[in-house]
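# What would the 3D arrangement of this be:
(2 chains)
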Amino acid sequence: MTTVSGKAEARRTLQSARSDVLRKMWEHRADYAYVLPAIAVMLIVIAYPIYYTIELSFFNTPPGLQLRDKIFVGFNNYTAILTSGVFWQVTFNTLIWTVASTFFSFVLGFAAALALHRDFVGRGVLRAILIIPWVISAVAASYIWKWIYHSDFGIIGAILVELGWAERPPNFIDSVSTVLPSLIVVNIWREFPFAMIMMTAGLQTVPEQLLRAAKVDGANAWQRFWHVTFPHLRNVSTVTILLLAVANFNSFIIPWIMTGGGPSNASHIWITHIYELAFGRQRWGVASAYSVLLFIILMTLGYFYVRALSGNERKDDSA
Amino acid sequence: MRRITVGGAVLRGAVSTALTISLMSASALAAPPVDLSKWSPEYVRSIAGTQDFDTAGDCAKVTPLDYKGRLTFWYQGVFEGDPDLLRQYYKDFFATFRKTYPNIQLEEQALTYNDLLDKFRTALLGNAAPMAVRLQILGGTEFASKGYLQPLKPEDVGYSTEDFWPGAMKAVTWDGVTYGIPTNNETMAFIWNADIFKRAGLDPNKPPATWDDVVKYSKQIHDKLGIAGYGLVARKNAGNTPYRFMPQLWAYGGGVFDEATANPTYKDIELNSPQSKAALQASYDMYVRDKSVPVSALTNQQADNQPLFLAGQLGMMISHPSDYNVMLDLQKKATGTDKDKAQTVIDNMRYGLIPTGPDGKRAVVFGGSNIHILKPEYVEGGKVDEPAAKAIICMWTSPEWSLKMAYAGSNPGNLNGFKTKWMKERLDSIKFLDVTTSMLPYGIPFPALPQSPEIMNIIVPDMLQNALTGAMTVDQAADDAAKKVKDLMGGGL
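Numbering: from 1, shown residues only, chains lettered A, B, ... in the order given. Modelled structure (predicted):
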C-alpha cells in the first residue's frame, strides 16, 4: 500500500513540475518568439553541418567518386585514424602547439599587463604598440614571418651571419625539429596582446583600497600580488586561458601559410591536417571523423569555459 | 520485295547527306596543321607567320557576335612568378572578348594554380561552380571521372581534334569521351648562370649533360662559391614540385606508374623501383649530403628561386622561358648596385635541354591547361549558358589567343598558333623560346587518372620531404610513397 501511494505521489509531483515548466514557458512566450529567428539560423548554419559531418564520418569518399556516391564504412574511418601514425604525430603537435602557445601567450600578456598597469610616461603609446601584432592580419603576419625566418635570405639568419654568430643561416622552418617551435613563437607574438588586454581589464577591477591596506599592513610587492591581486584575477585568467586554448586548438592560418604542415608533417596540427585531408585529398569521410573528434574535445573545453563564466556570475551575484 | 516509301527515301537521303557532310568536316578528314615529326627550332621558325586567322569571324560561326547571355568563368590566372607581359595579355583578352561579344555579361574570376583545385572542388560540392573553367592539365580527369563536366571537343567550338597536341588531348579524355579543350601546353628547360659556372671552374657554355652531373655541378658551385648550386623545390601542395622532380624521376627510368612509356597502363606502381629510388637519392645527395641546394627548398616554390637566381645566389634551375622576362621585370624594380648585379646575371643567363638520366633518357613534364564546361546541376542557379561558354572557349583556344595567352611562359594549345604572325614576333622577342620548344617532344603528360592531383601534389612531395628531412631513409620514403599510391588506387581510406 505504501509503495503504491508513494508512486502515485511521485507521479503527481512530476505532473505538477511539468505543468509548472509549461506555465513558465507560456508566460515567457514573447521571449521565446524573440530568440526564435536566432535559433532557426543556428539550426541551419550550425546544427545541420554538425549532423552532416557526423553522418559523413561513417563514409568512404574515394577521389574518383562524387560525394553523393560515398560508400558506408561504419566506424572504419575512426579506426583508420586511431591506428594511423600520422594521427599521433599530428595530435602530439597539436598538444605542443596549444599548450605552449597558450601558456607563453598568457604569461607574456599578464606580465605586460602588470608592467603597463603602473602609471609612467609613454604608457599609452607602449600599450598601443604592443597591440599591433594582435590587430595585424594573421595572413600578412604569416608571410612577413616566413620571410623573416627564410633559411636562405631571412633577416634573422643574415644578422646572425653578419655578426659572426653563425656560419650559415639557421634553419627555422625547413627542419623537422625547429619548425614547430618557430611557428609557436609567431603565434605567441600574435596572441599575447589579447591576454594583455584581458588582464589589463581584470587588473582595473582590483580594489585600490585593498592594495593600500595590504601595503599599510606591511605586505611586500609579491605578497600584495599573490594575496590581493591574483585572487581577483583568477576568473578572468581562467576565461583568458580557455579562450586562448580554444583559439589555438583551432589555429589554421599561421601553420598553413608558413609551412602547409610540412616539412614531413612536422608542423601539421589537427585543423591543417583536416583541411588537407578534405580539400587536398578529398577524404571527406576521414576529415569528418577527425572533425567529430575535434568537436568533442572543443565541446569539453567549452563546457569548462561556460562553467568558469557561470562561476563568475555566481560570485558577482553573491557579492 | 521491300517497298520504299517517299518519306523513307527522303529520310535516307537526309541521313546520307548529313553523314557525307560530317565526314568532310574538319574532324573527320583533318590532318594536323603542323608536322610533328619534323619538330625542331628550325621547323618552328619556318612555319611562324605563314598564316592569318580571323578569330572573331571563326567564333561568330560558333556563337553569333550579337548573342545575348551571361557567363560565369573561373580560370587559372597569372601569379607572382609570371612576367608583366603575360598580365597585359590577360587584360587584353578579356577586353577583346567584351568588345567582340558586347552582349555577353562575363563574370570572370582568376585563381592561382595552387588555390584553384581546392576552391573548385568546394564549389562543386555546394553546386556553386562556374559555368566554364580553365584548369591545370592535372585536374581535368578528376572532374570528368566524377561526372561534373559536359562532353566538349574541339569540333564543338569550330576546331579539329588534330589541331591540338595528341598528349594534351589524352589529358582531357576519360573513358573514351573528350571533356575539354587544351588552351596551352608547355615543357620547361634547364637554366644556368654562365658566370657562376665560370667562377666555379665549370664550362660556362655547357649545361650538365646528366642528372648525375647536376649533383656534381651543384656541389662544385656550392663548395667553391658558397652559394646554392641547383634550385631544388620540394614544397607540398605546389605544382612546382612535380614539374621539377618528375623529369628527374623519369630520366633515371623511374615513374609513379609506367606513364613514361608509349602506351601507359597505370597498372604497376614504380615509385619504389630501384630507378625511382636512384632519382630520390640524387635529391637526397644534393640536399642532405652535399648541402648544395637552397636550405629553404622544402618550403620554396619556383617564385622563391627567381630572386635567389637574380641575386647571383643560385647556379641552376628548371623553368619556363618566361623566367627570362621575370628576371627583366625584377631587375627593373631593383635599385642601386643591385640593378647592375641583376643585369650581370641576366646577361649570363643560359637555357639548355633538361639533363638525361644515366641511360640517356631525357624527359620533361608535358604541362598546360584545359578549358571545360560544367553540367548545369553543379552550377550556381542550375543553368549553363552554353553559347556564351563556347564563345569564350572558341576565343581562348583560337590560334591567336592560345598563343598570346601563352606568350612568354608556354606554347599555344592550338597548333595553328605556331603559324601566326605573333609566333614569329614571339620567337624574335622571347629569348630562349626555341630551347623550351625543343623540349616538347620529350614531354610526358601526368597520368590521366582522377588520383593524379593527390599523387603529384601530396604523395610525391611528401616522399621528397620524408627523405630530405631524415624522417625516413630514401628507401623507406619511396616504399611509403608507393604504399600510399597503392592504397589510393585501391580506394582505401
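
# Please enumerate the helices of the stretch 301-450 of chain B.
In the stretch 301-450 of chain B, the segments counted as helices under DSSP state H, counting those that start in this stretch are B:302-310, B:322-333, B:336-347, B:386-396, B:399-404, B:421-429, B:433-438.

# do you know which of the ones you listed lies nearest chain A?
Between chain A and those, the shortest separation by Cβ to the nearest Cβ is 6.4 Å, and it involves helix B:302-310. The way it works is simple: take the backbone N, C-alpha and C, and place the C-beta from them, glycine included.

# Does the closest one pack against any helices or strands, and if so which?
strand B:314-319, helix B:322-333, helix B:336-347 (3 or more Cβ pairs under 8 Å, 6 or more residues apart in numbering or on different chains; DSSP states H and E).

# Let me know which of those is tucked in deepest.
strand B:314-319 (a mean of 27; mean count of other Cβ atoms under 10 Å in any protein chain shown).

# Which residue, other than its chain neighbours, is closest to residue B:134?
residue B:75 (3.8 Å; Cβ to Cβ, 6 or more residues apart in numbering or on different chains).

# So that neighbour is in contact with residue B:110, correct?
Yes. With contact defined as Cβ atoms under 8 Å, residue B:75 counts as touching residue B:110 (6.0 Å).

# The two: which has the busier surroundings?
The residue with more neighbours, out of residue B:75 and residue B:110, is residue B:75; 24 against 16, by other Cβ atoms under 10 Å in any protein chain shown.

# The nearest residue to residue B:147 once chain neighbours are set aside: how many residues sit nearby?
Nearest non-adjacent residue to residue B:147, counting by Cβ to Cβ, 6+ apart: residue A:66, 6.3 Å away. Per other Cβ under 10 Å, the neighbour tally for residue A:66 reads 15.

# How about the contacts made by residue A:66?
B:146, B:147, B:148 (Cβ atoms under 8 Å, 6 or more residues apart in numbering or on different chains).

# so what's the residue of the stretch 101-250 of chain B found nearest chain A up against?
At 4.4 Å from chain A, residue B:118 is the closest residue in the stretch 101-250 of chain B, using Cβ to the nearest Cβ. Remark: with contacts taken as Cβ under 8 Å, 6+ apart, residue B:118 is in contact with A:279, A:280.

# can you put the helices of the stretch 301-450 of chain B in CSV and add distance to residue A:106 and mean pLDDT?
CSV is the format used below for the helices of the stretch 301-450 of chain B (distance: least, Cβ to Cβ, whole Å; pLDDT from 0 to 100):
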stretch, distance to residue A:106, mean pLDDT
helix B:302-310, 35, 87
helix B:322-333, 43, 84
helix B:336-347, 44, 87
helix B:386-396, 54, 97
helix B:399-404, 57, 95
helix B:421-429, 60, 88
helix B:433-438, 55, 78
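
# CSV please, covering those helices and showing distance to residue A:269.
Formatted as CSV, the helices of the stretch 301-450 of chain B follow (distance: least, Cβ to Cβ, whole Å):
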stretch, distance to residue A:269
helix B:302-310, 24
helix B:322-333, 34
helix B:336-347, 39
helix B:386-396, 41
helix B:399-404, 43
helix B:421-429, 47
helix B:433-438, 40
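
# Please name whichever of those helices is nearest to residue A:256.
In this view, the helices of the stretch 301-450 of chain B are compared for proximity to residue A:256 by Cβ to Cβ, and helix B:302-310 is the closest at 17.2 Å.

# quick one, that closest one and strand B:314-319 angle?
Direction vectors for helix B:302-310 and strand B:314-319, defined by axes from the mean of the first three to the mean of the last three Cα atoms, to 10 degrees, enclose an angle of 140 degrees.

# give the contact list for the residue of the stretch 101-250 of chain A found nearest chain B.
As assessed by Cβ to the nearest Cβ, chain B sits closest to residue A:151 within the stretch 101-250 of chain A, at 3.7 Å. With contacts defined as Cβ under 8 Å, 6+ apart, the neighbours of residue A:151 are A:157, A:169, A:170, A:171, A:172, A:173, A:174, B:294, B:295, B:296.

# and if you look at residue B:436?
Taking Cβ under 8 Å, 6+ apart as the contact definition, residue B:436 lies against B:186, B:187, B:188, B:189, B:320, B:321, B:351, B:411.

# Take these and write them to CSV, including pLDDT, neighbour count and distance to chain A.
Supplementary listing: the contacts of residue B:436 in CSV, determined by pLDDT from 0 to 100; neighbours: other Cβ atoms under 10 Å in any protein chain shown; distance: Cβ to the nearest Cβ, whole Å:
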residue, pLDDT, neighbour count, distance to chain A
B:186, 84, 27, 24
B:187, 86, 27, 26
B:188, 89, 27, 22
B:189, 90, 25, 23
B:320, 82, 28, 22
B:321, 77, 26, 25
B:351, 90, 23, 23
B:411, 87, 28, 29
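
# And the furthest pair within these?
B:351 and B:411 (14.7 Å).

# about what we covered before: state the helix or strand in which the residue of the stretch 101-250 of chain B closest to chain A lies.
Taking DSSP states H and E as the criterion, residue B:118 maps to helix B:113-125.

# Report the rounded mean pLDDT for that helix.
Predicted confidence along helix B:113-125 averages 86 (mean pLDDT).

# in its sheet, what does the next helix or strand after that helix sit against?
Secondary structure here is assigned by DSSP H and E; on that basis, the next helix or strand after helix B:113-125 toward the C-terminus is strand B:132-136. Using DSSP bridges, strand B:132-136 pairs in its sheet with strand B:69-76 (parallel), strand B:367-373 (antiparallel).

# Give me the residues contacting the first one.
What that stands for is strand B:69-76. Under the contact criterion Cβ under 8 Å, 6+ apart, strand B:69-76 has outside partners B:103-113, B:116, B:119-120, B:129-136, B:369, B:371, B:379-380, B:385, B:387-389, B:391-392.

# By mean pLDDT, flag the weakest helix or strand of chain A.
helix A:2-27 (a mean of 77; mean pLDDT, DSSP states H and E).

# what does chain A put close to chain B?
A:60, A:62-67, A:73, A:76-77, A:80, A:146, A:150-153, A:168-169, A:171, A:173-176, A:258-266, A:276, A:279-283, A:285-286 (Cβ under 8 Å from any Cβ of the partner chain).
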